[in-house]
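Engineer: Model the structure of this input:
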Amino acid sequence: MEEFIFRVSAKILKLKATVCINQQFIYSVKILCFRLDELLHIMKGCAENDASAQKMLYERYLPYALLISYRYVHSFENAAHAANDAFVKIFRNFKKFEIRDYNHVESMLLGWIRRIVINASIDYMGRENLISNNTQIHNDG
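Structural biologist: Sure thing, here's the model as predicted:
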């Protein structure tokens, strides 16, 4: 059993994520909430293409993205590629993210990240020909 541990410390809160692989199965990711002002600062930096803010967002949400991506691509290596593709899309389109409710900023951000990671994982599967051939219809006649 291989175990991958990602830990990133913030000044006040810590993100602790443990991704364990046991016979090609990833489980156990724990994400803690951030202070609102810290999260807004990071989001503002990402919208302005600030590399340090992008790095902080990437380090904090990479384990979350890996877990979601793994559910679609079924291997850690492919999940890592798809999650990285997703973060490229996230950073390119961060200006499009709009905050509608300041009481639920992080949950809105997580939902937005989740949707992009899912789409990036599906795109990765198609690009790498990982989609099952079971969906093809054969005409034998």
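Engineer: Need the contact partners of stretch 90-104.
Structural biologist: Outside stretch 90-104, the residues that touch it by Cβ atoms under 8 Å, 6 or more residues apart in numbering are 36, 43, 46-47, 49, 54, 57, 105, 108-109, 112-113, 116. Just so you know, the C-beta spots here come from the backbone N, C-alpha and C atoms, and that holds for glycine as well.
Engineer: so Y58 makes contact with F87?
Structural biologist: Yes - the criterion here is Cβ atoms under 8 Å, and Y58 meets it with F87 at 5.6 Å.
Engineer: thinking again about what came up before, just the ones in helices from the contacts of stretch 90-104, please.
Structural biologist: Secondary structure from DSSP state H places 36, 43, 46-47, 54, 57, 105, 108-109, 112-113, 116 of those in helices.
Engineer: E77 sits in which helix or strand?
Structural biologist: Per DSSP states H and E: E77 is located in helix 76-92.
Engineer: Return the set of buried residues in that helix.
Structural biologist: Neighbour counts over helix 76-92 (16 or more other Cβ atoms under 10 Å) mark 76, 78-87, 90-91 as buried.
Engineer: ok, back up a step: in terms of distance to L66, which of the contacts of stretch 90-104 ranks first?
Structural biologist: Proximity of these to L66 (Cβ to Cβ) peaks at I113, which lies at 11.7 Å.
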